[in-house]
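S.K.: The following comprises the amino acid sequence and a computationally predicted model.
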2 protein chains.
Amino acid sequence: MKTRRGSYPLLYPIPLCLLGAMVDGKPNYEAVGNIGMVSFNPNLLMVSSIKQHHTNKGINRHKVLSINYPTAEMVTETDYCGMISGEKSDKSRLFTNFYGVLENAPMIKECPVNLECKVIDTLSYGAYDVWIVEVVETYIDEELAQEPKKWPTINKVNPLVYSPAAEYYNLGTKIGDGYKEGKKITAQG
Amino acid sequence: MKTRRGSYPLLYPIPLCLLGAMVDGKPNYEAVGNIGMVSFNPNLLMVSSIKQHHTNKGINRHKVLSINYPTAEMVTETDYCGMISGEKSDKSRLFTNFYGVLENAPMIKECPVNLECKVIDTLSYGAYDVWIVEVVETYIDEELAQEPKKWPTINKVNPLVYSPAAEYYNLGTKIGDGYKEGKKITAQG
């Protein structure tokens, strides 16, 4: 009934961000699926990247980074940013770069949601730097700001959805509301 | 063009798991969106939960946990597992429980992918326990094991997709392959 497949860090779905850093004075972006929410108050996320990557150099130097969520339309640029090192390609040319309150956290205008973050802890596991980061400021597209909810509805953000089998998907349709769906069971006692 | 919204740990999309633990000798499951991939080799994930939650008691005692990915069809049960504490409700009755190689990591048969994990580090941020866990064994449904790829294709897993605005979505359609899409740009030089 179940098949064993050994040890592997499976995640369904994998969120995907373009991790921004200032490396040697130039904006650089790396496609990263190793990202997760850690806590509210403080508002923390975890993000990790292989130590030898170009991006790590900038993050470890300046202790700041940006998180940019690419849309499904940006699948080609995003995949490119996961394939090619910033040492070999100036990936900032693919996007319109902008800055917020931090000096060394370049962000991508074409991504509808951007986070400026400061590193509060740097952990090390295997070949990876693992950063615990505090969100300093969030930036959302003007048209998303017109939504009734404070935080943009995901179908307007239209994020890329990634899979352990290295496939990109887009978002489907809404199937329920949090803290409401479950009441069907509560009501049954 | 961009609106500032202050500090918040925004993630698009949010993955959702049913976090399994043995609490006071009984299987318990908590719906958790605070999960992310940390590293390959070692195969690590990060998962966090508010210290006072019932689940934390079992995880901190036994230093093991399970990660179970609910399907879109399981939205009602999943939401319930995020609303009601195991102190007040025996959530194990909602599912068929099974065990793997670890004694105190109950898993959910109805979830097509299950991970048994041991805690290798317990961090503390604000009101949260943050566990860095190593995947000991993965379990996948027999029919998923027939797929050509080693790791199940995400549309067969049919996971729930969650949003910062507390809305559940299902998965959309495939729009590209990793390490292939980006070659369109490489070819252009």
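M.R.: Yes, it's here.
S.K.: contacts, neighbours, all on C-alpha from now
M.R.: Noted.
S.K.: those helices in chain A, which residues are they?
M.R.: A:54-62, A:75-83, A:154-157, A:183-187 (DSSP state H).
S.K.: So for chain B, which of those sits nearest?
M.R.: helix A:75-83 (3.9 Å; C-alpha to the nearest C-alpha).
S.K.: before we move on, the earlier item: among the helices of chain A, show me which one is buried the most.
M.R.: Mean neighbours per residue, mean count of other C-alpha atoms under 10 Å in any protein chain shown, is largest over those for helix A:75-83, with a mean of 22.
S.K.: Okay, now the unreliable bits of chain A?
M.R.: Confidence mapping of chain A against pLDDT under 70 gives the ranges A:187-189.
S.K.: picking up where we left off before, including distance to A:Lys91, could the helices of chain A go into TSV?
M.R.: Supplementary listing: these in TSV, determined by distance: least, C-alpha to C-alpha, whole Å:
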stretch	distance to A:Lys91
helix A:54-62	11
helix A:75-83	7
helix A:154-157	22
helix A:183-187	47
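S.K.: So for A:Tyr12, which of the ones you listed sits nearest?
M.R.: helix A:154-157 (16.7 Å; C-alpha to C-alpha).
S.K.: ok, is that closest one in contact with chain B or not?
M.R.: Yes. Interface with chain B: helix A:154-157 contributes A:154, A:157 (C-alpha under 8 Å from any C-alpha of the partner chain).
S.K.: what does stretch A:23-36 give?
M.R.: Yes. Interface with chain B: stretch A:23-36 contributes A:33-36 (C-alpha under 8 Å from any C-alpha).
S.K.: Please export the C-alpha coordinates of that stretch as PDB.
M.R.: Taking C-alpha atoms only, stretch A:23-36 is exported to PDB below (Å, rounded to 0.1, in the frame of the first residue of the first chain):
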ATOM      1  CA  VAL A  23      27.300  40.900  -5.000                       C
ATOM      2  CA  ASP A  24      30.500  42.900  -5.800                       C
ATOM      3  CA  GLY A  25      28.400  46.000  -6.200                       C
ATOM      4  CA  LYS A  26      25.900  44.400  -8.700                       C
ATOM      5  CA  PRO A  27      22.400  43.100  -8.100                       C
ATOM      6  CA  ASN A  28      22.100  39.300  -8.400                       C
ATOM      7  CA  TYR A  29      19.100  37.000  -8.300                       C
ATOM      8  CA  GLU A  30      19.000  33.300  -7.600                       C
ATOM      9  CA  ALA A  31      16.000  31.000  -8.000                       C
ATOM     10  CA  VAL A  32      15.500  29.300  -4.700                       C
ATOM     11  CA  GLY A  33      13.000  26.700  -3.500                       C
ATOM     12  CA  ASN A  34      14.500  26.400   0.000                       C
ATOM     13  CA  ILE A  35      12.300  29.000   1.700                       C
ATOM     14  CA  GLY A  36       9.700  28.700   4.400                       C
END
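S.K.: Check which residues of that stretch are buried.
M.R.: A:23, A:27-36 (16 or more other C-alpha atoms under 10 Å in any protein chain shown).
S.K.: Could you dump the residues you listed into a markdown table and include distance to A:Leu11?
M.R.: What follows is the buried residues of stretch A:23-36, written out as a markdown table (distance: C-alpha to C-alpha, whole Å):
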| residue | distance to A:Leu11 |
| --- | --- |
| A:Val23 | 30 |
| A:Pro27 | 29 |
| A:Asn28 | 26 |
| A:Tyr29 | 23 |
| A:Glu30 | 19 |
| A:Ala31 | 16 |
| A:Val32 | 13 |
| A:Gly33 | 10 |
| A:Asn34 | 10 |
| A:Ile35 | 11 |
| A:Gly36 | 11 |
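S.K.: Which members of the residues you listed are positioned in strands?
M.R.: A:23, A:27-32, A:35-36 (DSSP state E).
S.K.: Switch those over to JSON lines; also include distance to A:Thr173.
M.R.: Shown next, in JSON lines, are these (distance: C-alpha to C-alpha, whole Å):
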{"residue": "A:Val23", "distance to A:Thr173": "39"}
{"residue": "A:Pro27", "distance to A:Thr173": "35"}
{"residue": "A:Asn28", "distance to A:Thr173": "33"}
{"residue": "A:Tyr29", "distance to A:Thr173": "30"}
{"residue": "A:Glu30", "distance to A:Thr173": "28"}
{"residue": "A:Ala31", "distance to A:Thr173": "25"}
{"residue": "A:Val32", "distance to A:Thr173": "25"}
{"residue": "A:Ile35", "distance to A:Thr173": "23"}
{"residue": "A:Gly36", "distance to A:Thr173": "23"}
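S.K.: residue contacts, the residue lying closest to A:Asn97 once chain neighbours are set aside?
M.R.: Excluding the flanking residues, the one nearest A:Asn97 by C-alpha to C-alpha, 6 or more residues apart in numbering or on different chains is A:Ile108, at 5.0 Å. By C-alpha atoms under 8 Å, 6 or more residues apart in numbering or on different chains, the residues touching A:Ile108 are A:68, A:95-98, A:114.
S.K.: For chain B, see how far away A:Val133 is.
M.R.: 9 Å (C-alpha to the nearest C-alpha, to the nearest Å).
S.K.: right, I mislabeled it, should have said A:Thr96
M.R.: Counting by C-alpha to the nearest C-alpha - A:Thr96 and chain B are separated by 12 Å.
S.K.: Show me which of the contacts of A:Ile108 is closest to A:Asn41.
M.R.: Checking these one by one against A:Asn41 (C-alpha to C-alpha), the nearest turns out to be A:Asn114, at 18.9 Å.
S.K.: so what's that closest one up against?
M.R.: A:66-69, A:107-108, A:138-140.
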